[in-house]
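# from the sequence below, what's the structure:
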Amino acid sequence: MKKTLLSLIIGSAALAFGVSGASASTLDDVKAKGFVQCGVNGSNLAGFGAQDSSGKWSGLDVDLCKAVAAAVFGDVDKVKYTPLSAKDRFPALQSGEIDVLARNTTWSASRDSQLGFDFRAINYYDGQGFMVHKSIGVKSALELSGAAVCVQSGTTTELNLADYFKANKLEYKPVVFEKQEEVDAAYSSGRCDVYTTDQSGLYSIRLSLANPDDNIVLPEIISKEPLGPAVRQNDSKWFDVVSYAHYAMVTAEEFGITQANVDEMAKSENPDIKRFLGQEKDETIGKDLGLDEKWAYNIVKLVGNYGEAFERNVGEGSPLKIKRGLNALWNKGGLQYSPPIR
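Next up is the predicted model:
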(Lines give C-alpha, C1' and ligand atoms only; values in the text may rest on other atoms or scores of the structure.)
Protein backbone atom coordinates (compact mmCIF):
# COMPACT_ATOMS: atom_id res chain seq x y z
CA MET A 1 0.00 0.00 0.00
CA LYS A 2 2.88 2.33 0.70
CA LYS A 3 6.24 2.88 -0.93
CA THR A 4 9.08 1.17 0.89
CA LEU A 5 12.73 2.15 0.89
CA LEU A 6 13.38 -0.70 -1.52
CA SER A 7 11.34 1.20 -4.11
CA LEU A 8 13.95 3.94 -4.26
CA ILE A 9 16.87 1.53 -4.46
CA ILE A 10 15.53 -0.35 -7.46
CA GLY A 11 14.11 2.67 -9.28
CA SER A 12 16.86 3.11 -11.85
CA ALA A 13 16.84 -0.60 -12.67
CA ALA A 14 13.11 -0.40 -13.27
CA LEU A 15 13.52 2.35 -15.84
CA ALA A 16 16.08 0.31 -17.68
CA PHE A 17 13.74 -2.67 -17.73
CA GLY A 18 10.84 -0.54 -18.94
CA VAL A 19 12.83 0.64 -21.95
CA SER A 20 14.25 -2.74 -22.84
CA GLY A 21 10.86 -4.45 -22.46
CA ALA A 22 9.13 -2.08 -24.88
CA SER A 23 9.31 -4.49 -27.81
CA ALA A 24 7.49 -7.28 -25.98
CA SER A 25 3.68 -7.47 -25.89
CA THR A 26 2.33 -8.77 -22.61
CA LEU A 27 -1.09 -9.32 -24.20
CA ASP A 28 0.46 -11.62 -26.82
CA ASP A 29 2.42 -13.45 -24.11
CA VAL A 30 -0.70 -13.88 -21.97
CA LYS A 31 -2.69 -15.27 -24.89
CA ALA A 32 0.15 -17.65 -25.77
CA LYS A 33 0.47 -19.12 -22.27
CA GLY A 34 -3.30 -19.20 -21.73
CA PHE A 35 -3.63 -17.34 -18.42
CA VAL A 36 -3.04 -14.05 -16.61
CA GLN A 37 -0.39 -14.06 -13.86
CA CYS A 38 -1.74 -11.62 -11.28
CA GLY A 39 0.19 -10.33 -8.27
CA VAL A 40 -2.07 -10.05 -5.21
CA ASN A 41 -1.76 -9.40 -1.49
CA GLY A 42 0.23 -12.08 0.31
CA SER A 43 -1.03 -11.03 3.75
CA ASN A 44 -4.64 -12.13 3.16
CA LEU A 45 -6.14 -8.65 3.21
CA ALA A 46 -9.86 -9.31 3.58
CA GLY A 47 -11.96 -7.53 0.99
CA PHE A 48 -9.10 -6.94 -1.41
CA GLY A 49 -7.04 -10.10 -1.80
CA ALA A 50 -7.49 -13.12 0.44
CA GLN A 51 -7.36 -16.90 0.06
CA ASP A 52 -9.71 -19.20 1.96
CA SER A 53 -8.95 -22.63 3.40
CA SER A 54 -9.80 -24.31 0.09
CA GLY A 55 -7.37 -22.10 -1.81
CA LYS A 56 -10.03 -19.91 -3.44
CA TRP A 57 -9.12 -16.24 -3.91
CA SER A 58 -11.55 -13.35 -3.45
CA GLY A 59 -11.50 -9.59 -3.08
CA LEU A 60 -11.86 -6.35 -5.02
CA ASP A 61 -8.36 -6.68 -6.50
CA VAL A 62 -8.96 -10.35 -7.28
CA ASP A 63 -12.14 -9.38 -9.15
CA LEU A 64 -10.05 -7.03 -11.28
CA CYS A 65 -7.74 -9.92 -12.15
CA LYS A 66 -10.80 -11.97 -13.07
CA ALA A 67 -12.15 -9.11 -15.19
CA VAL A 68 -8.91 -9.05 -17.20
CA ALA A 69 -9.14 -12.81 -17.74
CA ALA A 70 -12.80 -12.48 -18.74
CA ALA A 71 -11.89 -9.81 -21.29
CA VAL A 72 -8.99 -11.78 -22.80
CA PHE A 73 -10.26 -15.36 -22.56
CA GLY A 74 -13.95 -15.21 -21.62
CA ASP A 75 -13.00 -17.34 -18.60
CA VAL A 76 -12.35 -16.07 -15.05
CA ASP A 77 -10.54 -19.27 -14.13
CA LYS A 78 -7.68 -18.43 -16.46
CA VAL A 79 -5.85 -16.51 -13.75
CA LYS A 80 -2.92 -17.64 -11.64
CA TYR A 81 -2.33 -15.69 -8.44
CA THR A 82 1.06 -14.78 -7.01
CA PRO A 83 0.84 -13.73 -3.33
CA LEU A 84 3.28 -10.86 -2.72
CA SER A 85 4.52 -8.87 0.25
CA ALA A 86 4.93 -5.09 0.08
CA LYS A 87 8.67 -5.67 -0.31
CA ASP A 88 8.38 -8.18 -3.16
CA ARG A 89 5.55 -6.70 -5.23
CA PHE A 90 7.58 -4.24 -7.31
CA PRO A 91 10.47 -6.55 -8.27
CA ALA A 92 7.90 -9.19 -9.27
CA LEU A 93 6.29 -6.82 -11.77
CA GLN A 94 9.60 -5.40 -13.03
CA SER A 95 11.08 -8.84 -13.66
CA GLY A 96 8.06 -10.15 -15.56
CA GLU A 97 7.19 -12.71 -12.89
CA ILE A 98 3.65 -11.29 -12.98
CA ASP A 99 1.67 -9.65 -15.79
CA VAL A 100 -0.24 -7.19 -13.63
CA LEU A 101 0.03 -6.05 -10.01
CA ALA A 102 -3.38 -5.79 -8.32
CA ARG A 103 -2.35 -5.50 -4.69
CA ASN A 104 -3.94 -2.40 -3.08
CA THR A 105 -1.03 -0.34 -4.39
CA THR A 106 -1.00 3.46 -4.35
CA TRP A 107 -0.49 5.31 -7.63
CA SER A 108 2.17 7.95 -7.00
CA ALA A 109 4.47 10.10 -9.13
CA SER A 110 7.61 8.25 -8.03
CA ARG A 111 6.15 4.86 -8.92
CA ASP A 112 5.22 6.20 -12.33
CA SER A 113 8.60 7.81 -12.97
CA GLN A 114 11.18 5.86 -10.95
CA LEU A 115 9.89 2.31 -10.96
CA GLY A 116 8.95 2.01 -14.62
CA PHE A 117 5.24 1.35 -14.01
CA ASP A 118 2.03 2.66 -15.55
CA PHE A 119 -1.17 3.30 -13.59
CA ARG A 120 -4.47 4.67 -14.88
CA ALA A 121 -7.52 2.92 -13.47
CA ILE A 122 -8.23 3.47 -9.77
CA ASN A 123 -10.37 0.68 -8.35
CA TYR A 124 -10.40 2.08 -4.81
CA TYR A 125 -9.95 5.66 -3.60
CA ASP A 126 -8.38 5.43 -0.16
CA GLY A 127 -6.43 7.43 2.40
CA GLN A 128 -4.41 6.87 5.56
CA GLY A 129 -6.43 6.63 8.74
CA PHE A 130 -6.33 5.55 12.39
CA MET A 131 -7.80 2.65 14.35
CA VAL A 132 -7.93 2.79 18.14
CA HIS A 133 -8.88 0.62 21.08
CA LYS A 134 -12.27 1.79 22.31
CA SER A 135 -10.91 1.68 25.83
CA ILE A 136 -8.84 4.84 25.29
CA GLY A 137 -12.08 6.77 24.80
CA VAL A 138 -11.32 8.94 21.76
CA LYS A 139 -13.52 9.68 18.74
CA SER A 140 -11.18 11.86 16.68
CA ALA A 141 -7.53 11.77 15.67
CA LEU A 142 -7.22 15.28 17.12
CA GLU A 143 -7.65 13.68 20.57
CA LEU A 144 -4.60 11.41 20.17
CA SER A 145 -1.93 13.63 21.71
CA GLY A 146 0.40 11.48 23.80
CA ALA A 147 -0.79 8.19 22.29
CA ALA A 148 1.48 5.29 21.32
CA VAL A 149 1.02 4.67 17.58
CA CYS A 150 1.89 1.43 15.79
CA VAL A 151 3.30 2.00 12.29
CA GLN A 152 5.26 0.10 9.66
CA SER A 153 8.78 1.42 9.07
CA GLY A 154 10.20 2.56 5.74
CA THR A 155 6.81 3.59 4.34
CA THR A 156 5.04 6.81 3.49
CA THR A 157 2.65 5.87 6.31
CA GLU A 158 5.42 6.72 8.76
CA LEU A 159 6.07 10.07 7.06
CA ASN A 160 2.37 10.98 6.85
CA LEU A 161 1.99 10.17 10.55
CA ALA A 162 4.84 12.48 11.55
CA ASP A 163 3.56 15.27 9.32
CA TYR A 164 0.00 15.03 10.66
CA PHE A 165 0.98 15.17 14.33
CA LYS A 166 3.45 18.00 13.70
CA ALA A 167 0.92 20.04 11.72
CA ASN A 168 -1.65 19.66 14.50
CA LYS A 169 0.87 20.26 17.32
CA LEU A 170 0.24 16.85 18.86
CA GLU A 171 2.74 14.61 20.65
CA TYR A 172 2.92 10.86 20.03
CA LYS A 173 5.08 7.82 20.72
CA PRO A 174 5.90 5.86 17.55
CA VAL A 175 6.00 2.07 17.92
CA VAL A 176 7.75 1.00 14.72
CA PHE A 177 8.09 -2.43 13.09
CA GLU A 178 9.41 -3.60 9.72
CA LYS A 179 6.71 -6.17 8.93
CA GLN A 180 2.94 -5.71 8.86
CA GLU A 181 2.47 -8.91 10.87
CA GLU A 182 4.59 -7.41 13.65
CA VAL A 183 2.50 -4.23 13.65
CA ASP A 184 -0.69 -6.32 13.82
CA ALA A 185 0.62 -8.31 16.78
CA ALA A 186 1.82 -5.22 18.67
CA TYR A 187 -1.54 -3.47 18.34
CA SER A 188 -3.47 -6.62 19.22
CA SER A 189 -1.40 -7.15 22.38
CA GLY A 190 -1.91 -3.56 23.54
CA ARG A 191 1.64 -2.31 23.00
CA CYS A 192 0.14 0.72 21.31
CA ASP A 193 -3.12 2.65 21.49
CA VAL A 194 -3.40 3.41 17.79
CA TYR A 195 -2.80 1.61 14.47
CA THR A 196 -2.24 3.69 11.34
CA THR A 197 -2.27 2.57 7.68
CA ASP A 198 -4.67 2.93 4.71
CA GLN A 199 -8.20 3.13 6.06
CA SER A 200 -9.36 0.20 3.93
CA GLY A 201 -6.59 -1.89 5.47
CA LEU A 202 -7.70 -0.89 8.95
CA TYR A 203 -11.21 -2.22 8.31
CA SER A 204 -9.70 -5.48 7.11
CA ILE A 205 -7.22 -5.78 10.00
CA ARG A 206 -10.00 -5.02 12.48
CA LEU A 207 -11.85 -8.15 11.35
CA SER A 208 -8.80 -10.29 12.16
CA LEU A 209 -8.62 -9.13 15.79
CA ALA A 210 -9.90 -11.32 18.60
CA ASN A 211 -12.58 -8.77 19.51
CA PRO A 212 -13.24 -6.53 16.48
CA ASP A 213 -16.00 -4.56 18.23
CA ASP A 214 -13.50 -3.35 20.83
CA ASN A 215 -11.81 -1.28 18.12
CA ILE A 216 -13.01 1.65 16.01
CA VAL A 217 -11.72 3.31 12.86
CA LEU A 218 -11.62 7.07 13.35
CA PRO A 219 -13.18 9.36 10.70
CA GLU A 220 -10.07 11.35 9.74
CA ILE A 221 -8.28 10.69 6.44
CA ILE A 222 -4.81 12.27 6.37
CA SER A 223 -3.51 11.41 2.90
CA LYS A 224 -4.50 10.55 -0.67
CA GLU A 225 -4.03 6.88 -1.56
CA PRO A 226 -5.51 6.07 -4.99
CA LEU A 227 -5.24 2.29 -5.28
CA GLY A 228 -5.21 0.48 -8.59
CA PRO A 229 -3.51 -2.00 -10.90
CA ALA A 230 -0.01 -1.41 -12.27
CA VAL A 231 1.68 -2.73 -15.39
CA ARG A 232 5.13 -2.25 -16.87
CA GLN A 233 5.72 0.90 -18.93
CA ASN A 234 5.96 0.94 -22.73
CA ASP A 235 3.33 -1.75 -23.28
CA SER A 236 0.33 0.32 -24.28
CA LYS A 237 -1.86 -2.53 -25.58
CA TRP A 238 -1.72 -4.42 -22.27
CA PHE A 239 -2.07 -1.15 -20.36
CA ASP A 240 -5.32 -0.47 -22.23
CA VAL A 241 -6.69 -3.99 -21.61
CA VAL A 242 -6.08 -3.81 -17.85
CA SER A 243 -7.43 -0.25 -17.58
CA TYR A 244 -10.57 -0.89 -19.60
CA ALA A 245 -11.31 -4.06 -17.67
CA HIS A 246 -11.96 -1.75 -14.73
CA TYR A 247 -13.67 0.92 -16.80
CA ALA A 248 -16.03 -1.67 -18.27
CA MET A 249 -17.21 -2.55 -14.75
CA VAL A 250 -17.81 1.13 -13.98
CA THR A 251 -19.61 1.70 -17.29
CA ALA A 252 -21.83 -1.32 -16.68
CA GLU A 253 -22.92 0.13 -13.35
CA GLU A 254 -23.66 3.48 -15.03
CA PHE A 255 -25.88 1.70 -17.57
CA GLY A 256 -27.58 -0.39 -14.87
CA ILE A 257 -26.20 -3.61 -16.38
CA THR A 258 -25.66 -6.42 -13.86
CA GLN A 259 -24.68 -10.07 -13.92
CA ALA A 260 -28.35 -10.96 -13.62
CA ASN A 261 -29.70 -8.75 -16.42
CA VAL A 262 -26.82 -8.55 -18.91
CA ASP A 263 -28.43 -10.97 -21.36
CA GLU A 264 -31.67 -9.00 -21.34
CA MET A 265 -29.77 -5.70 -21.64
CA ALA A 266 -27.95 -7.08 -24.69
CA LYS A 267 -31.31 -6.82 -26.49
CA SER A 268 -31.52 -3.09 -25.77
CA GLU A 269 -32.08 -0.63 -28.61
CA ASN A 270 -29.87 1.94 -26.84
CA PRO A 271 -26.91 2.33 -29.24
CA ASP A 272 -24.45 2.98 -26.39
CA ILE A 273 -25.47 -0.23 -24.62
CA LYS A 274 -25.50 -2.22 -27.86
CA ARG A 275 -22.00 -0.98 -28.68
CA PHE A 276 -20.76 -1.68 -25.15
CA LEU A 277 -22.05 -5.26 -25.16
CA GLY A 278 -20.74 -5.99 -28.66
CA GLN A 279 -24.12 -6.02 -30.40
CA GLU A 280 -23.31 -3.42 -33.07
CA LYS A 281 -22.09 -4.93 -36.34
CA ASP A 282 -19.53 -2.18 -36.89
CA GLU A 283 -18.25 -2.18 -33.28
CA THR A 284 -14.43 -2.23 -33.35
CA ILE A 285 -13.47 -1.40 -29.76
CA GLY A 286 -12.75 -5.02 -28.89
CA LYS A 287 -10.65 -5.48 -32.02
CA ASP A 288 -8.75 -2.27 -31.30
CA LEU A 289 -7.96 -3.57 -27.79
CA GLY A 290 -6.81 -6.92 -29.19
CA LEU A 291 -9.95 -8.64 -27.85
CA ASP A 292 -13.18 -9.94 -29.33
CA GLU A 293 -16.41 -7.96 -29.48
CA LYS A 294 -17.86 -9.69 -26.38
CA TRP A 295 -15.03 -8.57 -24.06
CA ALA A 296 -17.18 -6.19 -21.97
CA TYR A 297 -20.19 -8.56 -21.99
CA ASN A 298 -17.94 -11.31 -20.61
CA ILE A 299 -16.65 -9.08 -17.81
CA VAL A 300 -20.17 -8.22 -16.65
CA LYS A 301 -21.53 -11.75 -17.10
CA LEU A 302 -18.67 -13.43 -15.27
CA VAL A 303 -17.60 -10.82 -12.68
CA GLY A 304 -20.33 -8.17 -12.45
CA ASN A 305 -20.34 -4.40 -12.52
CA TYR A 306 -18.20 -2.26 -10.22
CA GLY A 307 -20.98 -1.70 -7.70
CA GLU A 308 -21.61 -5.43 -7.40
CA ALA A 309 -17.90 -6.13 -6.87
CA PHE A 310 -17.62 -3.34 -4.31
CA GLU A 311 -20.65 -4.43 -2.29
CA ARG A 312 -19.77 -8.12 -2.03
CA ASN A 313 -16.10 -7.53 -1.21
CA VAL A 314 -15.88 -4.41 0.93
CA GLY A 315 -19.31 -2.74 0.99
CA GLU A 316 -22.44 -3.04 3.07
CA GLY A 317 -22.96 -6.60 1.86
CA SER A 318 -19.56 -7.68 3.17
CA PRO A 319 -18.13 -8.11 6.67
CA LEU A 320 -16.15 -4.85 6.21
CA LYS A 321 -19.31 -2.76 5.62
CA ILE A 322 -17.45 0.18 4.09
CA LYS A 323 -19.66 2.92 2.65
CA ARG A 324 -19.19 3.79 -1.04
CA GLY A 325 -18.05 7.36 -0.25
CA LEU A 326 -15.49 8.50 -2.84
CA ASN A 327 -15.93 5.16 -4.59
CA ALA A 328 -19.49 5.91 -5.60
CA LEU A 329 -20.13 6.69 -9.26
CA TRP A 330 -19.42 10.24 -10.41
CA ASN A 331 -23.16 10.85 -10.86
CA LYS A 332 -23.81 9.72 -7.27
CA GLY A 333 -21.31 12.07 -5.63
CA GLY A 334 -18.23 9.86 -5.95
CA LEU A 335 -15.08 9.72 -8.10
CA GLN A 336 -15.60 6.50 -10.07
CA TYR A 337 -15.75 7.72 -13.66
CA SER A 338 -15.04 5.91 -16.89
CA PRO A 339 -14.04 7.41 -20.24
CA PRO A 340 -16.84 6.77 -22.74
CA ILE A 341 -16.44 3.34 -24.29
CA ARG A 342 -17.16 4.16 -27.91
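
# hang on, residue 228 packs against residue 246?
Yes. Checked against CB atoms under 8 Å, the pair residue 228 and residue 246 is within contact range at 7.4 Å. From N, CA and C alone the C-beta is placed, and that goes for glycine too.

# neighbour count winner among these two?
Shown here are residue 228 and residue 246; by other CB atoms under 10 Å, residue 246 has more neighbours (25 against 22).

# now do the same for that one: its pLDDT.
pLDDT recorded at residue 246 is 98.

# my guess is it is in a helix, correct?
Yes. Assessed by DSSP: H, G, I helix; E, B strand; the rest coil, residue 246 belongs to a helix.

# tell me the contacts of the nearest residue to it once chain neighbours are set aside?
Leaving aside its sequence neighbours, residue 246 sits nearest to residue 121 (CB to CB, 6 or more residues apart in numbering; 3.8 Å). By CB atoms under 8 Å, 6 or more residues apart in numbering, residue 121 lies in contact with 228-229, 242-247.

# helices or strands up against the helix or strand where residue 158 lies?
Using DSSP states H and E, residue 158 sits within helix 156-167. For helix 156-167, the elements it packs on are strand 128-133, strand 147-152, strand 172-177, strand 194-198, judged by 3 or more CB pairs under 8 Å, 6 or more residues apart in numbering; DSSP states H and E.

# dump these into a markdown table; add mean neighbour count, mean pLDDT and distance to residue 29 as well.
Converted to a markdown table, these look like this (neighbours: other CB atoms under 10 Å; pLDDT from 0 to 100; distance: least, CB to CB, whole Å):
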| stretch | mean neighbour count | mean pLDDT | distance to residue 29 |
| --- | --- | --- | --- |
| strand 128-133 | 24 | 97 | 36 |
| strand 147-152 | 21 | 95 | 34 |
| strand 172-177 | 17 | 95 | 38 |
| strand 194-198 | 26 | 96 | 32 |
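
# assign the most centrally placed residue in the chain to helix, strand or coil.
For the chain, residue 104 is the residue whose C-alpha lies nearest the centre (CA atoms, centre = their mean; 3.6 Å). Look at residue 104: counting by three-state DSSP, its state is coil.

# pull up the gap between residue 173 and residue 254, please.
In this view, residue 173 and residue 254 are 47 Å apart by CB to CB, to the nearest Å.

# meant to ask about residue 55, not that
In terms of CB to CB, residue 55 sits 34 Å off from residue 254.

# give me the buried stretch members for stretch 81-90, please.
81-84, 86, 88-90 (16 or more other CB atoms under 10 Å).

# and it, end to end?
Using CA to CA, to the nearest Å, the end-to-end distance of stretch 81-90 comes to 15 Å.

# now, which of the buried residues of stretch 81-90 sits nearest residue 139?
residue 86 (30.1 Å; CB to CB).

# follow-up on the earlier one: what mean pLDDT would you report for the helix holding residue 158?
Averaged across helix 156-167, pLDDT comes to 92.

# which residues are in contact with that helix?
With CB under 8 Å, 6+ apart as the test, helix 156-167 has contacts from 1-3, 106, 108, 128, 141, 144, 149, 151-152, 170-172, 174, 176, 196-198, 222-223.

# distance of residue 113 from residue 194?
According to CB to CB, residue 113 and residue 194 sit 33 Å apart.

# same question, residue 219
Distance from residue 219 to residue 194, by CB to CB: 14 Å.

# again, but for residue 68
For residue 68, the distance to residue 194 - CB to CB - is 37 Å.

# and residue 276, how many neighbours?
Using other CB under 10 Å, residue 276 is surrounded by 27 other residues.

# pLDDT wise, what is it at?
We have a pLDDT of 97 for residue 276.

# check the one 5 residues further on too.
Predicted confidence (pLDDT) for residue 281: 76.

# which stretch of helix or strand covers it?
Applying DSSP H and E, one finds residue 281 in no helix or strand.

# thinking again about what came up before, overlap of the contact sets of residue 228 and residue 246?
Joint contacts of residue 228 and residue 246 (CB under 8 Å, 6+ apart) are 121, 123.

# farthest pair in the contacts of residue 121?
Every pair of those checked by CB to CB; the farthest is 228 and 244, at 12.8 Å.

# can you pull the contacts of residue 57?
For residue 57, the contacting residues are 40, 49-51, 81, by CB under 8 Å, 6+ apart.

# so which of these belong to strands?
In this view, these that belong to strands under DSSP state E are 40, 50-51, 81.

# residue ranges in this structure under the pLDDT threshold?
The model of the chain has pLDDT under 70 over residues 1-24, 154.

# hey, where'd the strands end up in it?
Counting by DSSP E, the chain has strands at residues 36-41, 50-51, 57-58, 79-84, 100-101, 117-119, 124-126, 128-133, 147-152, 172-177, 194-198, 215-217, 225-227, 230-232.

# let me have the ones you listed in a markdown table, extended by distance to residue 297.
Output for the strands of the chain, formatted as a markdown table (distance: least, CB to CB, whole Å):
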| stretch | distance to residue 297 |
| --- | --- |
| strand 36-41 | 18 |
| strand 50-51 | 28 |
| strand 57-58 | 23 |
| strand 79-84 | 19 |
| strand 100-101 | 21 |
| strand 117-119 | 26 |
| strand 124-126 | 24 |
| strand 128-133 | 38 |
| strand 147-152 | 42 |
| strand 172-177 | 47 |
| strand 194-198 | 33 |
| strand 215-217 | 38 |
| strand 225-227 | 27 |
| strand 230-232 | 23 |
